[in-house]
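Q: attaching a predicted model along with its sequence, questions to come.
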Amino acid sequence: MLVQIISWLLILSGIFFAVTSAVGLFRLPDFFARVHAAGIGDTVSAALIILGLMLNSGFTLISIKLFYILFLLWFTSPISSHSVVKAARHSGLEPFLVEKEKTNRKTD
Amino acid sequence: MLAITALAVIRMRSLFAVVILFGIYSLLTAVLFVVLDAVDVAFTEAAVGAGISIVLMLGTLLIAGRRADADTHTPLLPLFIVVITGAVLVWGTFDMPHFADPQDPAHQHVAPRYIYDSLAEIGIPNMVTSVLASYRGFDTFGELIVVFTALVGVMALLGIPERRQSRRQVSEKTGPEFSGPILTIGASWMIPFIVLFALYVQFHGDFGPGGGFQAGVIFCSAFVLYALIFGIELTYKTVRPKLLILTSASGVLLYAGTGFVSIILDGNFLDYNVLSNTPKAGQHLGIFLVELGVGITVASVLILIFFSIVQSRKRRYQMQPDNHLDSQVRE
Amino acid sequence: MMTHGPILQVVLPLLVAPICFVFSRFHRFCWIVACVISWIGLFISIRLFFQAEQGVIVYELGGWAAPWGIEYVIDRLNAFILVIISAVAAIVFPYSLTSIKAEIDPRQRGLYFTCMLLCLAGLLGIAITGDAFNLFVLLEISSLSTYTLIALGRDRRALASSFQYLIMGTIGATFILISVGLLYSLTGTLNMADLAERTQNLHTSRTLKVAYSFLIVGIGLKLAMFPLHLWLPNAYAYAPSAVTVFLASTATKVAIYVLLRFLFNVFGITFSFELLQTEWILIGLGLISMLFASIVAVFQQNIKRMLAYSSVAQVGYILLGIGLLNINGLTAALLHIFNHALIKGALFMSLGAICFRVGNTELKNIAGIGRMMPWTMAAFVAGGISLIGIPSSVGFISKWFLILAAIEKGWWPIVVIISICSLIAVAYIWRVIETAYFKTPQDSGTRYVEAPLSLLIPTWILVFLNYLFGTSATFTIDFAATTATLLLGAGR
Amino acid sequence: MIDSIVGLYNYWIAIFLMMAGFYTVIASDNLVKKIVGLNIFQTSVFILYISLGKVEGGSPPIVSANIDVYSNPLPHVLILTAIVVGVATTALGLSLIIRIKKAYGSVEESDIIEADQQMLEPTQDEKQ
């Protein structure tokens, strides 16, 4: 019973983080901040949800598979975020603050 | 969701976005396929539509440019044609058997044998694999030939990928130096797992979703990742295009050879029953060989096509204009 | 081994194609292998032809019985198509080696033979299979290799026309796929014979009608039926000559075979003609394409393109023959499938020889060539005569039966239109002859020698066949008439 | 009526998607977009097929001990084949596009038609 409650708590908080990251994806001012928001969704929320599901299913084959998924996600999604940002930097996109500073300097 | 994505594709003019949206569309379709119980198909659609097709399309975009011009001609005629066709189809559905009704003729005639007898006749639990490789084995052979034909076509058009001679031509924009430590280490950790997974899918196709084709696509994706991170030149060193040409042909020959062996052993073409002492063992052996052939060919064909498209950026093609009177008497 | 004839017919080229692919750098080797395979194929198909006279041959692939497995069915109709395809292949393959020398890059020649083998196998497979979905797969094999072959043309327009064909061809194939899906949902089977049986009591179903119309449109795209013919002239005009010969004399014929098979056997006469009255569509489209394409052909500057339009017109004759729906009409259609393969084969082959020397087939560039390359031009003239339909050539026989069929129905206007189209054919063939024999070259310095024998011999074999089957036609006529009777009797 | 709407809804969605893809193929000027449209068209036909194979209450067609109703495996097999055919066509189409880009310098259909007509014009002048 306690396991059930903990698992549901984990899943719910995972959902909360997922929603946060979705909001961030739309509301944040520039590309890099949005990648950051998406990163939350990929790592924290996915991890919480999967942990919750693992507790829910108990010690079975499904749990092991879920663990593999978690491992894969934690391994790949930071790398892919990294490469997306790298590509963006490479193609000349600059963070919002840098841009802002530049415009400020011009107006000064 | 699917409809919105499809409509967005029509409206968008950034080709990059169009291609990525198509990937999303494919993934959504794959999810829909899982809901509709077609796990094998979903697997393939995800691997092909959201995987290899996108890679090839993006490779093309590198050369063809990213933006589409605004459509110049009026869309009225196409719209008219499309509306008429759609209306005819919808009209036609009114006499169709209803969705998911077990009494549909589609589920009454041929399918029950596949569902209820295939375990006894072929001996493997995944019905899709038994139908694919045995009952309708010739379709799969045809499918393999289609992939092979595409390879021949791409190579005829874009030239055969070759290793470059001089080492200086390695461009500074690719290769491990460019990718940085995070990507290189990440990729070198991932690639063995991808290959392992491909092998699992290849040999587990009898029991779960998967099979030669999916395995081939996954295998190919490992090499695409390698090429993206470590640069195409190193990839050529890892796996030589000539070797791939050989393996792509040998996969087809393995499939056809299985068929011929069954002819020699006094069965019909692709009749696996005669391959071994008992029909079931024969079916096992036959399906194993055939799936192996599919896997080998698909993997090497897709890698080769990827190489060709990537390499074609630098290649030049001579095209003679049509009206050349200067071509004098030959011989 | 001979009981495996049906499968060997298709699989031998498929088996050799990968070998050719691996050794594609040695294009002479590929050529020899391809030729040998095409001759073996011809031998097998002739054997099958005589076997099929005795009764229908059924071959179950993988040893699974029909509706569950895929089966090959060979009756008189497709045995006949098989012979046409493999005979054309057996002549075109030897012809190719010299012909592509002038037109294809050396590195691509081995791949060219690989593609030709794949295309051949695909076409043979379409003709032989008894399974609706298998037909789609084989159709794609032949289509994909065809797109490649067209794109191998030297002109950059070959690329654009190949792409256009790829789009239209894939739409056509997808339409066929939709139709097969609808049929499957109604009947639960994919086997053609089984489909025929199970659609019998579904004639009022709207789904069946939609499946039928999608199938006709899909095949129509492949067939270059009148409003859907746009891809054909460009594709034929810019493809390498040997490819044009092969496609013009086989690809559309196979599509017509598929049309006949579905109209008469799968859906049955009662459904396709008595209920839906398809014959009017066929007659209408046939007449329009005859008139329209013939007239457009007269104004072409490129001879290959001109003959391509003429091909659209000839498809019109065949559709008209089917649409007349009596024994004479159907006989004419079947005869014309065979005869048109011979005629267009001979014409495009002689054009290929001209192209080999001149470098292109623009009308203005061949002025005075009749005296420089007498044998080649003579073959062209002989083929042209046959195309027009002058007695003693094969073209005459099929037109004669077509006219007989129209008279039998009492439709005099059709007879008039057929004669008008023949007159237009005289006009466009005459333009070529006039330029070739009676005009002097613009640049008097250009001299061309006669085409090499490796091109002339295959061309003249086809010309000879044109007149052989034109003068002693009893065998073909008898055969076509019995097959026509069978077809008309089948679906009732 | 309601019965038929519920029973056919899936097919209608598939048809709508098909037509969206079909429209992209014939209406857009850009060759890459045409290929994407073709893919959408084909993928939607796959949805139609897979919908045909679904059985109420069925489960994926892999034999396991305590399941009686399976969905129809045949459409799945057909679509596996068709997907492969689709990717083969795509690959060939894309390589044609690359060659077209190199030969014409553009992948817009209207540009290509224009370029071809310009090529024809000098020949017509010579004739006059």
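A: Sure, I can see it. Numbering: from 1, shown residues only, chains lettered A, B, ... in the order given.

Q: please make it C-alpha for all contacts and neighbour counts, starting now.
A: OK.

Q: list the contacts of C:Ser161.
A: By Cα atoms under 8 Å, 6 or more residues apart in numbering or on different chains, the contact list for C:Ser161 reads C:150-151, C:231, C:234-235, C:238.

Q: how about a cut-off of 6 Å?
A: In this structure, C:Ser161 makes contact with C:234-235, judged by Cα atoms under 6 Å, 6 or more residues apart in numbering or on different chains.

Q: any idea of the mean pLDDT in the longest helix seen in chain A?
A: For chain A, the helix reaching the highest residue count under DSSP state H is reported as helix A:61-90. Mean per-residue pLDDT for helix A:61-90: 83.

Q: show me where pLDDT drops low in chain C?
A: Along chain C, segments meeting pLDDT under 70 span C:1-2, C:442-446, C:490-492.

Q: C:Tyr309 contacts C:Ala293, correct?
A: Yes - the criterion here is Cα atoms under 6 Å, and C:Tyr309 meets it with C:Ala293 at 5.3 Å.

Q: tell me which of those two has more neighbours.
A: Just comparing C:Tyr309 and C:Ala293: by other Cα atoms under 10 Å in any protein chain shown the higher neighbour count belongs to C:Tyr309, 29 against 24.

Q: helix or strand next in line after the helix or strand hosting the more buried one, which one?
A: Assigned by DSSP states H and E, C:Tyr309 belongs to helix C:303-324. Elements were assigned by DSSP H and E; along the chain past helix C:303-324, the next helix or strand is helix C:327-358.

Q: pull the CA atoms of whatever helix or strand comes next after that following helix into CSV?
A: Past helix C:327-358, further along toward the C-terminus, the next helix or strand under DSSP H and E is helix C:369-372. The C-alpha trace of helix C:369-372 is given here as CSV (Å, rounded to 0.1, in the frame of the first residue of the first chain):
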residue,chain,number,x,y,z
ILE,C,369,20.8,10.3,-93.8
GLY,C,370,18.9,8.0,-96.0
ARG,C,371,21.9,7.9,-98.4
MET,C,372,24.5,7.6,-95.7
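
Q: now do helix C:369-372: which elements does it pack against?
A: helix C:412-438 (3 or more Cα pairs under 6 Å, 6 or more residues apart in numbering or on different chains; DSSP states H and E).

Q: in the helix it packs on, what counts as buried?
A: C:414-415, C:418-419, C:421-422, C:424-430, C:432-433, C:435-437 (16 or more other Cα atoms under 10 Å in any protein chain shown).

Q: gap between it and the chain center?
A: 22 Å (Cα atoms, centre = their mean, to the nearest Å).

Q: same check, this time on stretch D:63-78
A: When C-alpha coordinates are averaged (Cα atoms, centre = their mean), stretch D:63-78 and its chain have centres 26 Å apart.

Q: hmm, it in reach of chain B?
A: Yes - contact between stretch D:63-78 and chain B is present through D:63, D:73, D:77 (criterion: Cα under 6 Å from any Cα of the partner chain).

Q: endpoint to endpoint, that stretch covers what distance?
A: 19 Å (Cα to Cα, to the nearest Å).

Q: that stretch close to chain C?
A: No - using Cα under 6 Å from any Cα, stretch D:63-78 stays clear of chain C, coming no nearer than 7.7 Å.

Q: tell me the mean pLDDT for that stretch?
A: For stretch D:63-78, mean pLDDT is 81.

Q: send over stretch B:45-58 as PDB, restricted to the C-alpha atoms.
A: Output of stretch B:45-58 as PDB, limited to C-alpha atoms (Å, rounded to 0.1, in the frame of the first residue of the first chain):
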ATOM      1  CA  GLU B  45       7.400   2.300 -39.400                       C
ATOM      2  CA  ALA B  46       9.300   3.900 -36.500                       C
ATOM      3  CA  ALA B  47      12.600   2.600 -37.800                       C
ATOM      4  CA  VAL B  48      12.000   3.600 -41.400                       C
ATOM      5  CA  GLY B  49       9.700   6.600 -41.400                       C
ATOM      6  CA  ALA B  50      11.200   8.400 -38.400                       C
ATOM      7  CA  GLY B  51      14.600   7.000 -38.900                       C
ATOM      8  CA  ILE B  52      16.200   6.200 -42.200                       C
ATOM      9  CA  SER B  53      13.800   8.200 -44.500                       C
ATOM     10  CA  ILE B  54      14.500  11.300 -42.500                       C
ATOM     11  CA  VAL B  55      18.300  10.700 -42.600                       C
ATOM     12  CA  LEU B  56      18.100  10.300 -46.400                       C
ATOM     13  CA  MET B  57      15.800  13.400 -46.800                       C
ATOM     14  CA  LEU B  58      18.100  15.500 -44.700                       C
END
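
Q: contact partners of it?
A: B:23, B:26-27, B:30.

Q: give me the neighbour count for whatever residue of the stretch 351-492 of chain C ends up closest to chain D.
A: Across the stretch 351-492 of chain C, the shortest distance to chain D (Cα to the nearest Cα) belongs to C:Lys364, at 8.3 Å. As a burial measure, C:Lys364 scores 19 neighbours (other Cα under 10 Å).

Q: how about the residues of chain D near chain C?
A: Residues of chain D lying near chain C (Cα under 6 Å from any Cα): none found.

Q: swap that for the stretch 101-250 of chain B, please
A: Residues of the stretch 101-250 of chain B lying near chain C (Cα under 6 Å from any Cα): B:105-106, B:109, B:135-136, B:139, B:146, B:153, B:156, B:249.

Q: ok, now with 8 Å
A: Contact residues (Cα under 8 Å from any Cα of the partner chain) of the stretch 101-250 of chain B with chain C: B:104-111, B:113, B:134-139, B:142-143, B:145-146, B:149-150, B:152-154, B:156-157, B:245-246, B:249-250.

Q: show the buried residues in those residues.
A: B:104-107, B:110-111, B:134-139, B:142-143, B:145-146, B:149-150, B:152-154, B:156-157, B:245-246, B:249-250.

Q: so which of those residues sit within helices?
A: Counting by DSSP H, these contribute B:105-107, B:111, B:137-139, B:142-143, B:145-146, B:149-150, B:152-154, B:156-157, B:245-246, B:249-250 to helices.

Q: isn't B:Ala42 right up against B:Leu28?
A: No - if you go by Cα atoms under 8 Å, B:Ala42 and B:Leu28 don't touch, sitting 9.6 Å apart.

Q: tell me which of the two has more neighbours.
A: Using other Cα under 10 Å, the more surrounded residue of B:Ala42 and B:Leu28 is B:Ala42, with 26 against 19.

Q: quick check: the more buried one is in a helix.
A: Yes - counting by DSSP: H, G, I helix; E, B strand; the rest coil, B:Ala42 is part of a helix.
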